[in-house]
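Novice: Structure here, sequence nowhere to be found:
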């Protein structure tokens with residue numbers, strides 16, 4: 001296999017980093033799946049955990065499985081990366097812009113041309129690794145065991161250069177993250193001119209899988225977003241009282257429960273909520289400063305942040321009851 005061993009090492013290393021980075025981030029992976037348009041029956045925590053485990057197992061197989069099992073592992077990697085490439089290409093074509101969750105907590109990678117190019121390159125590397133595995137009839141460990149001093153020297157050099165490039169890229173990304181986004185600067189200027197707070201832009205997912213941003217959500221009607229989690233006692237009480245809460249709001253605002261739970265979980269626990277729920281709210285929670293559940297935020301027309309976030313069931317109910325008095329200000 002010789003120099004071709006770089007390709008299974010690359011593919012296996014990326015898959016391993018991807019799987020390990022997503023451990024403990026199943027919820028974010030479910031959110032990303034919904035944004036990619038994965039059918040609701042598959043966008044679940046169980047599926048997310050299986051995918052994470054599968055990535056790790058596949059990575060290990062690509063790196064250390066004996067021949068001919070290594071051929072099967074490389075073929076599986078080709079299939080997985082082809083699926084990832086198709087999903088990201090479709091999302092990019094739709095004009096989507098969200099964190100793909102590809103590396104979990106290790107890095108934020110947004111959907112865009114760069115992600116499509118990267119996934120396409122990894123797919124090509126997996127194809128080369130598969131061809132090399134079939135042609136050499138040797139696994140990665142067998143190939144490395146046959147290396148001499150010269151081969152180990154260039155492999156070490158390639159590894160060091162790759163690590164340096166990765167570290168520099170990561171540092172540059174971190175520095176860019178510290179700079180305010182143009183939208184954030186514009187938002188601050190708008191707040192100064194208008195004299196009121198403007199809610200940060202975020203996206204949520206409707207029950208039918210449609211991704212909608214904050215401005216579209218409140219285009220015609222103010223929304224009271226109540227952040228909840230199934231299994232949280234006070235959250236469950238608020239969801240059970242959804243009709244009463246909406247009646248208290250009247251025409252002042254539309255009540256919507258925001259959750260990071262899978263749709264199937266919420267349907268079992270609270271089947272009557274219907275379309276009064278949005279999903280995939282991790283980014284919304286982060287941008288709005290929601291630290292725990294239950295919590296609520298009142299967003300008026302034009303994205304005006306009228307009130308919140310408030311935390312606790314009592315504070316949520318008080319916000320609902322006081323919304324009629326606030327109506328004249330938004």
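Specialist: Right, received. Where do you want to start? Please read these numbers as outputs of a predicted model, since none were measured by experiment. Residues are numbered from 1 along each chain as shown.
Novice: Give me the buried stretch members for the helix or strand residue 246 falls within, please.
Specialist: Assigned by DSSP states H and E, residue 246 falls within helix 242-249. Neighbour-count burial for helix 242-249, counted by 16 or more other Cβ atoms under 10 Å, picks out 242, 245, 246, 248, 249. For glycine as for every other residue, the C-beta is placed from the backbone atoms N, C-alpha and C.
Novice: Can you tell me what sits against it?
Specialist: 224, 226, 238, 254-255, 257, 272-273, 276, 317, 320-321, 323-324 (Cβ atoms under 8 Å, 6 or more residues apart in numbering).
Novice: can you redo the buried residues of helix 242-249 as TSV with pLDDT?
Specialist: Converted to TSV, these look like this (pLDDT from 0 to 100):
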residue	pLDDT
242	90
245	89
246	89
248	86
249	84
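Novice: Using ChimeraX, define a selection of the buried residues within the contacts of helix 242-249.
Specialist: In ChimeraX, a selection of the buried entries from the contacts of helix 242-249 looks like this (16+ other Cβ under 10 Å):
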select :224,226,238,254,255,257,273,276,317,320,323
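Novice: now the contacts of helix 242-249 as CSV including pLDDT and distance to residue 206?
Specialist: Output for the contacts of helix 242-249, formatted as CSV (pLDDT from 0 to 100; distance: Cβ to Cβ, whole Å):
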residue, pLDDT, distance to residue 206
224, 91, 17
226, 93, 16
238, 91, 20
254, 89, 13
255, 91, 15
257, 93, 12
272, 83, 17
273, 84, 13
276, 88, 11
317, 90, 25
320, 87, 22
321, 85, 27
323, 78, 23
324, 63, 27
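Novice: biggest separation within the contacts of helix 242-249, which pair?
Specialist: Spanning the widest gap among these are 272 and 324, at 24.5 Å by Cβ to Cβ.
Novice: Any stretches of the stretch 201-330 of the chain with poor pLDDT?
Specialist: The stretch 201-330 of the chain contains residues with pLDDT under 70 at 324-330.
Novice: re earlier: can I get the buried residues of helix 242-249 in JSON lines with distance to residue 288?
Specialist: Formatted as JSON lines, the buried residues of helix 242-249 follow (distance: Cβ to Cβ, whole Å):
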{"residue": "242", "distance to residue 288": "20"}
{"residue": "245", "distance to residue 288": "19"}
{"residue": "246", "distance to residue 288": "21"}
{"residue": "248", "distance to residue 288": "22"}
{"residue": "249", "distance to residue 288": "19"}
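Novice: Name the nearest of those residues relative to residue 268.
Specialist: Closest approach to residue 268 among the buried residues of helix 242-249 (Cβ to Cβ): residue 242, at 16.2 Å.
Novice: ok so, going back, show the subsequent helix or strand relative to the helix holding residue 246.
Specialist: strand 254-258.
Novice: and the closest residue to residue 303 other than its chain neighbours, what does it touch?
Specialist: Once flanking residues are discounted, residue 303 sits nearest to residue 199: 4.9 Å by Cβ to Cβ, 6 or more residues apart in numbering. Listed by Cβ under 8 Å, 6+ apart, the contact set of residue 199 reads 214, 288, 297, 299, 303, 304, 305.
Novice: Max pairwise distance over these: which two?
Specialist: The distance between the two most remote of the contacts of residue 199 (Cβ to Cβ) is 13.4 Å, for 288 and 304.
Novice: So for those two, which residue has more residues nearby?
Specialist: Comparing residue 288 with residue 304 by neighbour count (other Cβ atoms under 10 Å), the higher total belongs to residue 288, at 22 against 18.
Novice: pretty sure that one contacts residue 308?
Specialist: Yes: using Cβ atoms under 8 Å, residue 288 is in contact with residue 308, at 7.5 Å.
Novice: List the contacts of the biggest strand by length in the chain.
Specialist: As assigned by DSSP state E, the longest strand anywhere in the chain is strand 305-311. Identification of contacts with strand 305-311 by Cβ under 8 Å, 6+ apart yields 196-199, 222, 227, 288-292, 294-300, 316, 318-319, 322-323, 326, 329-330.
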